[in-house]
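A.B. asks: The amino acid sequence is not available; the structure is as follows:
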């Protein structure tokens, strides 16, 4: 995320908070509940080059968030309870769900003890190739490539390009350029071919990244035995499904559910779209998730839940706890629904595909 964009978002959050607008507008925009998105919970790292820092929050901040949610009077509920409330129109009390994507090891060490202490239900969405140790955490692989070399060679649109990345600023700029270029490619296959080539040429072992960062099936099975925990599906290969053919979308959804059931004995009834933004999940994916019988499916499109979302159970928005904005006052602004209402043009359903 570019520095200018981050500054604009931070200025917007600060303005809503210090003006008190989020409190005044909360009755109109807070909705009936919210789903929080997290990835990593771990201590801050000292390295200056951390382009994926937005995906991690510190243990101290996470613990403060859970305490704040408990004190706020919100019900912290499971995905099944959220589903029940939406379907049965039980909106007497506002609720929040806590969800984690990808199944990183640090959840066990830093997040789980906090959630257990506060008896807070949560969900973990698992891309099955990660615990199978054959997954491609390509955004981390790209970070490792840029971090480890001073010059990168790459073919872009048939032309060989050279990128100097000796300095910290160079590394940040080059990562940003390459990340968004990869995201712009027409298909997921194109992205994976490029990242596999980069990883091979610059000595980054993609399978080793899964082993280093992600939980094993034994870890996931242990979590699943806790009644506080819901295991959801998150595809097999963490593809941006909107960039794949229909047959691949269906296979990624069906196979991820089947693999999880085979590995841990629990059949997932909830799904999270990988990446989950409008370029990664749209009306086709929402319809397929419903056809396959998932109770709910979540995006990363920002927003709180309104009564209207009972008609869009496979296109639910979430609120990201972004590592670039670790301030409790921002949590209050986001949970009020005012910031995301403005972002979404005051719509109460999913964005048009």
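C.D. replies: Yep, that arrived. A quick note: this is a predicted structure, and the numbers were derived from the prediction, not measured.
A.B. asks: Confirm residue 162 sits in a strand?
C.D. replies: Yes: under DSSP: H, G, I helix; E, B strand; the rest coil, residue 162 falls within a strand.
A.B. asks: Name the nearest residue to it, sequence neighbours excluded.
C.D. replies: residue 153 (5.5 Å; Cβ to Cβ, 6 or more residues apart in numbering). Where C-beta positions appear, they are placed from N, C-alpha and C, glycine not excepted.
A.B. asks: Could you confirm that neighbour falls within a helix?
C.D. replies: No: per three-state DSSP, residue 153 lies outside any helix segment and is strand.
A.B. asks: Looks like it contacts residue 161 (just checking).
C.D. replies: Yes: the criterion here is Cβ atoms under 8 Å, and residue 153 meets it with residue 161 at 7.3 Å.
A.B. asks: thinking again about what came up before, ok, now how distant is the residue nearest to residue 162 from residue 202?
C.D. replies: From residue 153 across to residue 202, the span is 10 Å (Cβ to Cβ, to the nearest Å).
A.B. asks: Please say which of the two ends up with more neighbours.
C.D. replies: A count of neighbours by other Cβ atoms under 10 Å puts residue 202 above the other of residue 153 and residue 202, at 17 against 12.
A.B. asks: Now do the closest residue to the more buried one other than its chain neighbours, the pLDDT please.
C.D. replies: Leaving out its chain neighbours, the residue that sits closest to residue 202 by Cβ to Cβ, 6+ apart is residue 145, at 4.5 Å. At residue 145, the model reports a pLDDT of 96.
A.B. asks: element containing residue 145, please.
C.D. replies: Per DSSP states H and E: residue 145 is located in helix 138-148.
A.B. asks: which helices and strands sit right next to that helix?
C.D. replies: helix 168-184, helix 188-201, helix 206-213 (3 or more Cβ pairs under 8 Å, 6 or more residues apart in numbering; DSSP states H and E).
A.B. asks: could I get those helices as a markdown table with mean pLDDT, mean neighbour count and distance to residue 44?
C.D. replies: Shown next, in a markdown table, are the helices and strands packed on helix 138-148 (pLDDT from 0 to 100; neighbours: other Cβ atoms under 10 Å; distance: least, Cβ to Cβ, whole Å):
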| stretch | mean pLDDT | mean neighbour count | distance to residue 44 |
| --- | --- | --- | --- |
| helix 168-184 | 95 | 16 | 17 |
| helix 188-201 | 95 | 16 | 26 |
| helix 206-213 | 95 | 16 | 16 |
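A.B. asks: wait, which of the ones you listed is closest to residue 284?
C.D. replies: Closest to residue 284 of these, according to Cβ to Cβ: helix 188-201, at 14.5 Å.
A.B. asks: what about the strands in the stretch 251-353 of the chain?
C.D. replies: 270-272, 296-302, 316-320 (DSSP state E, counting those that start in this stretch).
A.B. asks: Most tightly packed of the ones you listed?
C.D. replies: strand 270-272 (a mean of 28; mean count of other Cβ atoms under 10 Å).
A.B. asks: okay, now residue 38: neighbour count?
C.D. replies: Residues near residue 38, counting by other Cβ under 10 Å, number 24.
A.B. asks: now swap in the one 5 residues further on and tell me
C.D. replies: Counted with other Cβ under 10 Å, residues neighbouring residue 43 total 12.
A.B. asks: now residue 205
C.D. replies: Neighbours of residue 205 (other Cβ under 10 Å): 13.
A.B. asks: so it makes contact with residue 199?
C.D. replies: Yes: counting by Cβ under 8 Å, residue 199 is a contact partner of residue 205 at 7.5 Å.
A.B. asks: Can you show me the helices along the stretch 1-150 of the chain?
C.D. replies: Taking DSSP state H, counting those that start in this stretch, the helices of the stretch 1-150 of the chain run over residues 3-19, 21-29, 59-71, 79-87, 106, 112-117, 138-148.
A.B. asks: Mind putting those into JSON lines with mean neighbour count and distance to residue 221?
C.D. replies: Formatted as JSON lines, these follow (neighbours: other Cβ atoms under 10 Å; distance: least, Cβ to Cβ, whole Å):
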{"stretch": "helix 3-19", "mean neighbour count": "13", "distance to residue 221": "38"}
{"stretch": "helix 21-29", "mean neighbour count": "16", "distance to residue 221": "40"}
{"stretch": "helix 59-71", "mean neighbour count": "17", "distance to residue 221": "24"}
{"stretch": "helix 79-87", "mean neighbour count": "19", "distance to residue 221": "19"}
{"stretch": "helix 106", "mean neighbour count": "18", "distance to residue 221": "18"}
{"stretch": "helix 112-117", "mean neighbour count": "16", "distance to residue 221": "14"}
{"stretch": "helix 138-148", "mean neighbour count": "19", "distance to residue 221": "24"}
